[in-house]
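**Q** My questions are about this predicted structure, shown below with the sequence.
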Amino acid sequence: MQYVTDAKSENELSILGFGCMRFPLDKSKTEQLIVTAVEAGVNYFDTGYIYGNSEATLGDILTKHGLRNFVYIATKLPHQKCKEPGDLDRIFQEQLDRLKSSVIDYYLIHNLSNLYTWEYLCDLGIEEWIAQKKKTGEIRQIGFSFHGTNDEFMKLIDIYDWDLCQIQYNYMDENYQAGREGLRRAHEKGIMVVIMEPLLGGKLANGLPAKAAKIFKEADSGYSPATWAFRWLWNQPEVSVVLSGMNSMDQLQDNLNTAKEAKPGMLSEKEAATYVPVISAFREAYRVPCTGCNYCMPCPRGVNIPGCFAGYNTSYALGFVAGFTQYLTSTGANGKKVQYRPSNCVSCGECEKKCPQHIEIPKTLLTVKKRMEPFWFKPLLWIVQKFMG
C-alpha cells in the first residue's frame, strides 16, 4: 500500500480508502473484507450517519478484531436532521456509540452543497461546536462532502478553515460539481481532497457500455475498467485518498494491485488519449446520470427511482432486452402488485430536493416510462402477472 501525508494532521493515509456506504448484506463477508483490507494496509474508512447500519457494523468489526487504533474513521453529520443546537451533540454521541469510539478522526458535514446551508448551521452555533470538539479531541479533523455547483464549492472552500473535503470526481465527471477546478483550488489551500464515486456507482467498472469496454480492451494494457478509472485519478497529484465501496474479494484485490503501482503522472500519452473515445461512448449510452446512491429514496409513492433509471440506462448501454428485463424486475412487474413504476409518481418533488446529481426526477421518469413501457407493455404485464406472479 502507498500512503499520502495529510499536511494538516501529518497522518499517513492509504491512497485507497474503504467506502462503507454499501456493505454486503452478509455481515461475515463485510468482516472478512474489512479485516483483509486493514491487513493489506488500507487505513481510511468512510461511513455516514444515514448509511443504514454502516457505522454500527464498522464499529463492531473494528472492536472485535482490535483494529480501531490502526485505522482512521471518517463519518458525517446529517445537517438535515439538525433543527436546534442540541441536535449536534445528540447525533454526534449516537455516532460515537455506534462506532464504539471516543474519537472521530475525520468528521464531515454531509452534502454541504451551498453557502445558505453553512450559514444555517452557523446560526445553530456549529463553528463554536466544532472548536469545542476539536479542543476536547473528540473531533480531530473537520471537513465537508459536496454535491453542488462549482460556484458554490468555491465559496464554501474559502468560508472556513477546513481540513478536508470530499468530492465526486472521475473521468466522466471531470467538469461536474466541484470538478478539476475545485480539486485544484482545495489542493492549493492545503486542504486534503478525498474522492467519492470514482466508479460512478459502478458504471465505470461493470456497467461500461460494450463500445467503451472494447476500447479499453483494445488498448492491450491488461487493466480492468476499474483500474483504468483509478489510474486516471491517481495520475493527478491533487488527489489524496480515493474511496471504493468494495463488496467482494476480487474487487478489493484488483484495487489493491492498482494502488501498489499508483503515482502522479503515471499515465503515458497513449493511455491518457484512450479515455477520450471511452468518454464519448459512455455519454452515448448513459442518458441519466444516476449513481444509484438512493438519497432520493424512499419515494412516498413507492417508485423505485434508481431501479427505473438503471433499467433505462442499461437499455441503451447493453441493449433493450437487457434493460427491459432489469426494468421489469426493479419495478416489481413480476408480481401481482406493481407498486414501483414511474406511473405512480405524482411529481411531489421530494426526491428532486435530495438528489446529489440534480436530476429532474419526475420529468425524467416520464421519459423512462415512454421508452420502457411501449404500447405492448400492459398486455405483457398481464401475462407476466398471471403466469409468474
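**A** Right, received. Where do you want to start?
**Q** helices or strands next to the longest helix that the chain contains in the packing?
**A** Counting residues, the longest helix found in the chain (DSSP state H) is helix 269-285. Applying 3 or more CB pairs under 8 Å, 6 or more residues apart in numbering; DSSP states H and E, we find helix 269-285 packed against helix 210-218, helix 225-234, helix 305-317. The way it works is simple: take the backbone N, C-alpha and C, and place the C-beta from them, glycine included.
**Q** so which helix or strand takes in the closest residue to Asp89 other than its chain neighbours?
**A** Using CB to CB, 6 or more residues apart in numbering and skipping residues adjacent in sequence, the residue nearest Asp89 is Trp129, 7.7 Å away. According to DSSP states H and E, Trp129 maps onto helix 126-136.
**Q** mind checking how far the residue nearest to Asp89 is from Thr117?
**A** Using CB to CB, to the nearest Å, one obtains 15 Å as the distance from Trp129 to Thr117.
**Q** Quick one: the helices and strands packed on helix 269-285 as a markdown table, columns for mean pLDDT and mean neighbour count too.
**A** Below are the helices and strands packed on helix 269-285 laid out as a markdown table (pLDDT from 0 to 100; neighbours: other CB atoms under 10 Å):
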| stretch | mean pLDDT | mean neighbour count |
| --- | --- | --- |
| helix 210-218 | 92 | 16 |
| helix 225-234 | 96 | 22 |
| helix 305-317 | 85 | 23 |
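**Q** and Cys165, what are its phi and psi?
**A** phi -140, psi 160 (degrees, to the nearest 10).
**Q** burial count for it?
**A** By the criterion of other CB atoms under 10 Å, Cys165 has 25 neighbours.
**Q** Just to check, it is in contact with Ile195?
**A** No: proximity of Cys165 to Ile195 does not meet the contact threshold set by CB atoms under 8 Å, at 10.3 Å.
**Q** On the three-state scheme, Phe144 is what?
**A** With DSSP: H, G, I helix; E, B strand; the rest coil as the basis, Phe144 sits in strand.
**Q** so what's it up against?
**A** Leu108, Ile109, His110, Leu112, Leu156, Trp162, Cys165, Gln166 (CB atoms under 8 Å, 6 or more residues apart in numbering).
**Q** Same check on Leu16?
**A** Met1, Val42, Tyr44, Val241, Val242, Ser244, Asn255, Leu256, Ala259.
**Q** secondary structure class for Leu108?
**A** strand.
**Q** how much space between Ala205 and Cys355?
**A** Distance from Ala205 to Cys355, by CB to CB: 22 Å.
**Q** residue ranges with poor pLDDT in this structure?
**A** The model of the chain has pLDDT under 70 over residues 332-339, 384-389.
**Q** ok, now how distant is the most centrally placed residue in it from Cys293?
**A** A centroid search over the chain (CA atoms, centre = their mean) returns Glu197, at 4.1 Å, as the residue closest to the centre. Applying CB to CB, the value for Glu197 to Cys293 is 8 Å.
**Q** now His110
**A** 12 Å.
**Q** just to revisit the earlier point, give me the number of residues near the residue nearest to Asp89?
**A** Neighbours of Trp129 (other CB under 10 Å): 17.
**Q** now Ser221, what's its secondary structure?
**A** With three-state DSSP as the criterion, Ser221 reads coil.
**Q** hmm, I was thinking of Pro289
**A** Going by three-state DSSP: Pro289 is coil.
**Q** Near it, how many other residues are there?
**A** By other CB under 10 Å, the residues close to Pro289 number 19.
**Q** Isn't it up against Glu360?
**A** No: taking CB under 8 Å as the definition, Pro289 is not a contact partner of Glu360, at 11.1 Å.
**Q** Pop the domain breakdown of the protein in here.
**A** 3-284, 305-388 (automatic domain parsing).
**Q** How far does the shortest one sit from its chain's centre?
**A** What it means is domain 305-388. Relative to the chain's own centre, domain 305-388 is displaced by 23 Å; criterion: CA atoms, centre = their mean, to the nearest Å.
**Q** And stretch 260-275, by the same measure?
**A** The answer for stretch 260-275 is 23 Å, by CA atoms, centre = their mean.
**Q** what's the span of it, first residue to last?
**A** 22 Å (CA to CA, to the nearest Å).
**Q** if I've got this straight, Ile61 is in a helix?
**A** Yes: counting by three-state DSSP, Ile61 is located in a helix.
**Q** Now do the same contact list for it.
**A** Thr30, Glu31, Ile34, Val35, Leu67.
**Q** Quick check: the third one touching Phe18?
**A** The reference is to Ile34. Yes: taking CB under 8 Å as the definition, Ile34 is a contact partner of Phe18 at 6.9 Å.
**Q** State the phi and psi torsions of Cys345.
**A** Dihedral angles (degrees, to the nearest 10) for Cys345: phi -60, psi 130.
**Q** One more: the one 3 residues further on?
**A** Backbone geometry at Cys348, expressed as degrees, to the nearest 10, gives phi -70, psi -20.
**Q** Find the nearest non-adjacent residue to it, please.
**A** Take Cys348 and drop its neighbours on the chain: the residue closest to it by CB to CB, 6+ apart is Pro300, 6.5 Å away.
**Q** buried sites along stretch 19-32?
**A** Gly19, Cys20, Met21, Arg22, Phe23, Thr30, Glu31 (16 or more other CB atoms under 10 Å).
**Q** Could you report the separation of the third one from Gly59?
**A** Plainly put, Met21 is 15 Å away from Gly59 if you go by CB to CB.
**Q** What of the second one?
**A** When CB to CB is applied, the distance between Cys20 and Gly59 equals 11 Å.
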